[in-house]
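Chemist: Quick one, structure for this:
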Amino acid sequence: NIARLHPSLTQHITEVLVNLLVISCINCINTILSGIPNKLLHQLQLIQNSAVRIITLVRCSFSSTASLCRTG
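Modeler: Numbers count the residues shown, from 1 in each chain. The predicted structure follows:
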């Protein structure tokens, strides 16, 4: 679990791990995801939101979109 490891990792290493383990997997299957039901799309959005929160150290009560905008 990356969130548990995060306190002992640098910001850069955390970003690399999240990108490698989460974002790149979703990007690899992007064409397959086309046309999936909204319920599954929502679940994928929750995974992406969690990934952003791990990188930015933002709690669930904050918008992950706003957090992502702050990272660059």
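Chemist: The spatially most central residue of the chain: helix or strand, and which one exactly?
Modeler: In the chain, the centroid-proximal residue (Cα atoms, centre = their mean) is Ala51; its distance is 2.2 Å. Element membership of Ala51, judged by DSSP states H and E, is helix 38-56.
Chemist: Pull out the buried positions in that helix.
Modeler: Neighbour counts over helix 38-56 (16 or more other Cβ atoms under 10 Å) mark Asn49, Ser50, Ala51, Val52, Arg53, Ile54, Ile55, Thr56 as buried. To be clear about C-beta, it is placed using only N, CA and C from the backbone, and glycine gets the same treatment.
Chemist: Distance check, the second one against Gly35.
Modeler: In this case it means Ser50. Here the criterion is Cβ to Cβ, to the nearest Å. By it, Ser50 lies 24 Å from Gly35.
Chemist: do the same with the fifth one
Modeler: According to Cβ to Cβ, Arg53 and Gly35 sit 28 Å apart.
Chemist: Contacts made by the helix or strand where Ile13 lies with the rest, please.
Modeler: For Ile13, the host element (DSSP H and E) is helix 11-18. By Cβ atoms under 8 Å, 6 or more residues apart in numbering, the list of residues contacting helix 11-18 from outside reads Ile2, Leu5, His6, Leu9, Ala51, Ile54, Ile55.
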